[in-house]
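Colleague: coords below, sequence missing:
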């Protein structure tokens with residue numbers, strides 16, 4: 001369960017009152033996610049979603065809130081924040097908090113991902129990329145290739161037998177990416193983590209895209225690659241789903257020539273990043289109070305696109 005900081009009844013009352021929601025009632029921890037502590041909070045006004053930011057400070061929280069406002073103004077389905085104190089003003093255990101409206105809709109399983117839904121996700125991602133170009137604020141991401149390489153060097157130094165073969169493959173892949181990555185890819189604000197658990201559906205329509213707190217500047221084609229690997233891999237890569245997602249994306253925002261040529265590289269970069277971070281954040285932290293994510297699933301993706 002991704003709950004690192006407890007939300008006490010006293011803190012819940014402070015949050016509810018500060019957001020004009022009356023008094024707090026039942027507090028339910030939300031096990032999804034791995035970065036922040038999340039809760040569903042019943043109040044005398046209504047049920048809301050409360051987030052305690054475990055890594056972001058005021059500047060990051062403010063950027064996320066501004067980005068959500070911008071994307072919603074562009075007609076995109078993103079979470080709605082409940083008005084209240086400014087970023088970082090209301091804290092729990094010294095950490096910033098936010099309150100959002102509860103999102104309806106459902107999360108779908110991999111078996112429910114068909115070409116129509118893959119196209120819809122691709123089109124939505126393209127709309128987000130196009131809309132982000134009008135957003136003035138910028139920040140770098142936490143997972144550059146240099147960051148990933150530093151993590152991998154730490155893994156290699158441990159010389160864990162079950163990781164040796166993967167470490168060698170990952171090192172070779174990073175070397176190739178450093179050598180071949182083009183420096184003229186279109187960039188802007190990307191989601192960076194558009195997995196199935198960050199999308200809610202009503203029927204065949206996307207109701208909401210969640211978890212924008214890690215949004216940062218990066219190549220658009222890299223974000224497309226992350227999303228392809230997240231949605232188009234069951235027991236193996238499914239070319240029909242990948243083709244549908246790309247078609248949906250290009251219906252809204254055609255890839256440039258350099259982006260189309262770089263897509264295979266971007267797929268390898270995305271698979272490498274998530275393999276390494278799942279090793280460092282999950283496999284090497286076994287027993288931590290968070291959801292389990294097996295690094296081998298993204299390693300299989302890397303082998304499939306290499």
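Modeller: Yep, it's here. Here the structure is a predicted model, which means the values were calculated and not measured.
Colleague: going forward, measure contacts between C-alpha atoms and count neighbours the same way
Modeller: OK.
Colleague: Need the residue closest to the centroid of this structure.
Modeller: Centroid-nearest residue in the chain: residue 193, 2.4 Å away (criterion: CA atoms, centre = their mean).
Colleague: what's the helix or strand for residue 297?
Modeller: helix 295-305 (DSSP states H and E).
Colleague: Buried ones in that helix, by neighbour count?
Modeller: Within helix 295-305, the residues that count as buried by 16 or more other CA atoms under 10 Å are 295, 296, 297, 298, 299, 300, 301, 302.
Colleague: And the average pLDDT for it is what?
Modeller: Helix 295-305 carries an average pLDDT of 97.
Colleague: With stretch 23-40 instead?
Modeller: Computed over stretch 23-40, the mean pLDDT rounds to 89.
Colleague: Pull the residues that contact that stretch.
Modeller: The contact list for stretch 23-40 (CA atoms under 8 Å, 6 or more residues apart in numbering) reads 1-7, 9, 12-13, 16-17, 41-45, 47-55, 197, 290-291.
Colleague: Of these, grab the buried ones for ChimeraX.
Modeller: Buried members of these can be picked out in ChimeraX with the line below, counting by 16+ other CA under 10 Å:
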select :1,2,3,4,7,12,13,16,41,42,43,47,48,49,50,51,52,53,54,197,290
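Colleague: Strands - which of the contacts of stretch 23-40 land there?
Modeller: Judged by DSSP state E, the contacts of stretch 23-40 include 41, 42, 43, 47, 48, 49, 50, 51, 52 as members of strands.
Colleague: Quick check, pLDDT for the fourth one.
Modeller: Listed pLDDT for residue 47 reads 98.
Colleague: As a check, name the ranges of all helices in this structure.
Modeller: Using DSSP state H, the helices found in the chain span residues 9-18, 58-73, 115-132, 145-158, 164-180, 220-231, 239-252, 257-281, 295-305.
Colleague: which residues touch residue 174?
Modeller: 145, 149, 269, 272.
Colleague: That should have said residue 253, apologies.
Modeller: Contact partners of residue 253, counting by CA under 8 Å, 6+ apart, are 126, 127, 130.
Colleague: And residue 60, by the same measure?
Modeller: Going by CA under 8 Å, 6+ apart, residue 60 touches residue 213.
Colleague: Good, wrapping up.
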